[in-house]
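> sequence first, then the predicted structure:
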Protein chains: 2
Amino acid sequence: MSFYSDDVWKAELNARGYRSTPQRQKILNIFQTLTQGNHLSAEDLHDLLKNDGERISLSTVYRTLHLLVYMGLLRELELAEGHKHYELNRPMRDHHHHLVCVQCGQTLEFQEANIDRIGQGQADSSGYHVLDCQLMLYGICSDCRSRNTAPTAPN
Amino acid sequence: MSFYSDDVWKAELNARGYRSTPQRQKILNIFQTLTQGNHLSAEDLHDLLKNDGERISLSTVYRTLHLLVYMGLLRELELAEGHKHYELNRPMRDHHHHLVCVQCGQTLEFQEANIDRIGQGQADSSGYHVLDCQLMLYGICSDCRSRNTAPTAPN
DNA sequence: ATGGGTGCAAACTGTTTGCAATCTG
DNA sequence: CAGATTGCAAACAGTTTGCACCCAT
């Protein structure tokens, strides 16, 4: 299920002028072994590493996340929580989209190859190299709608 | 070009237990007269109001933006700048999507009715009431790609 | 040995909140 | 008049940055 072995990724990093470090290897591995559909915040990832007994600072976590997004290996998700989440970017397969309830934060995932196709087409015709393509649907789930019979204040 | 006249919106607010205030009216009007394709951050909006001689606090701007998103009148955009932008939500017409270059931040808009149709279908079958549907494409524009012959560091 | 990477702590930015005063219905 | 809304200032969360030390290449 791994896309990059440690040394292939090391080569990839070196080719771009970056260096392979234990922290970077460890972080990529966490994402590569993460169950499909899970996503981590910077804080989540930091805790996870700490619990694993790793010695790593939150700054390095942030710096590595940026690097991985920049290299196209991770995708950055803006869900309902107010902070970013990250997951492995699987451009061709298992690529999915998100449906978020703006009231309770419930998040559903779904796949839809047509969207990726359309997005790819748009990017091509604009000369962009696609790193990520996400359809974000924001709405109100049926539970919240039924709970809303009485007018409620946002927040 | 206005969707809500001041008193129709007042009625809408009252029907939901909210009150119409000069600040809220003013903010909605700004968005309703904003040129299609423009979007404002909370700060932008606050400056705009201040320059117009309005007396309004940044907190109220934030609170009103939340309310408008919650009511489905605005859509919240996560572009490349690190803070949120808002624009009028035009569900049926002029609805568009964004293509963002993660390196230079250049943003292109495009329309694609099929996406909205697919999104709507997904939401329906999950029991969601859609407030917003946005396809976000993140990539690297051709200018940045050609500028990238030498490896560059992120940030 | 060179210069990229890390950890730490401090700074920063955008956003939220508590509270007293004010305005709307 | 009751209760929703505002402005202010202080608090907050997540993220970024400067710098001295460390480690890959």
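Sure, I can see it.
> interface residues of chain A facing DNA strand D?
A:10, A:13-14, A:19-22, A:41-43, A:58-59, A:62-63, A:66, A:82-84, A:153 (CB under 7 Å from any atom of the strand). For the C-beta atoms, the positions are set from N, CA and C on the backbone; glycine is no exception.
> just the buried residues out of those, in ChimeraX syntax.
To isolate the buried ones among those in ChimeraX, judged by 16 or more other CB atoms under 10 Å in any protein chain shown, type:
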select /A:10,13,20,41,42,66,84
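> so of the residues of chain A next to DNA strand D, which ones are in helices?
Among these, DSSP state H puts A:10, A:13-14, A:22, A:42-43, A:58-59, A:62-63, A:66 in helices.
> residues in contact with residue A:84?
A:41-42, A:76-78 (CB atoms under 8 Å, 6 or more residues apart in numbering or on different chains).
> quick check: it vs residue B:78, distance?
9 Å (CB to CB, to the nearest Å).
> quick check: pLDDT value at the spatially closest residue to residue A:26 that is not a sequence neighbour.
Residue nearest to residue A:26 in three dimensions, not counting chain neighbours: residue A:54, with 6.1 Å by CB to CB, 6 or more residues apart in numbering or on different chains. Residue A:54 is assigned 87 on the pLDDT scale.
> could I get the full set of strands for chain A?
Under the criterion DSSP state E, strands of chain A are mapped to A:74-77, A:85-88, A:97-101, A:107-110, A:129-140.
> helices or strands up against the first one?
To tie it back to what came earlier, the one meant is strand A:74-77. Applying 3 or more CB pairs under 8 Å, 6 or more residues apart in numbering or on different chains; DSSP states H and E, one finds that strand A:74-77 contacts helix A:58-70, strand A:85-88, strand A:129-140.
> quick one, which of those is packed in tightest?
Among the helices and strands packed on strand A:74-77, the stretch with the highest mean neighbour count (mean count of other CB atoms under 10 Å in any protein chain shown) is strand A:129-140, at a mean of 22.
> overlap in contacts, residue A:84 and residue B:78.
Joint contacts of residue A:84 and residue B:78 (CB under 8 Å, 6+ apart) are residue A:78.
> check residue A:25 and give its pLDDT.
96.
> give me the domain ranges for chain A.
A:1-90, A:91-155 (automatic domain parsing).
> ok, how many other residues are close to the residue nearest to residue A:78 when sequence neighbours are not counted?
In this structure, residue A:78 finds its nearest non-sequential neighbour in residue B:78, 4.4 Å apart by CB to CB, 6+ apart. The number of residues packed near residue B:78 is 18, by other CB atoms under 10 Å in any protein chain shown.
> before we move on, the earlier item: out of the helices and strands packed on strand A:74-77, which is closest to DNA strand C?
helix A:58-70 (3.1 Å; CB to the nearest atom of the strand).
> what is the orientation angle of the closest one with strand B:129-140?
Computed with axes from the mean of the first three to the mean of the last three CA atoms, to 10 degrees, the direction of helix A:58-70 lies at 80 degrees from that of strand B:129-140.
> to residue B:109, which of the domains of chain A lies closest?
When the domains of chain A are compared by CB to CB, domain A:91-155 sits nearest residue B:109, at 10.3 Å.
> let me know the average pLDDT across the closest one.
Mean predicted confidence for domain A:91-155 is 78.
> now distance to residue A:6 too, for the strands of chain A, in JSON lines please.
Output for the strands of chain A, formatted as JSON lines (distance: least, CB to CB, whole Å):
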{"stretch": "strand A:74-77", "distance to residue A:6": "17"}
{"stretch": "strand A:85-88", "distance to residue A:6": "16"}
{"stretch": "strand A:97-101", "distance to residue A:6": "30"}
{"stretch": "strand A:107-110", "distance to residue A:6": "29"}
{"stretch": "strand A:129-140", "distance to residue A:6": "23"}
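> could you dump those strands to a markdown table with distance to DNA strand C?
Below are the strands of chain A laid out as a markdown table (distance: least, CB to the nearest atom of the strand, whole Å):
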| stretch | distance to DNA strand C |
| --- | --- |
| strand A:74-77 | 15 |
| strand A:85-88 | 16 |
| strand A:97-101 | 15 |
| strand A:107-110 | 18 |
| strand A:129-140 | 15 |
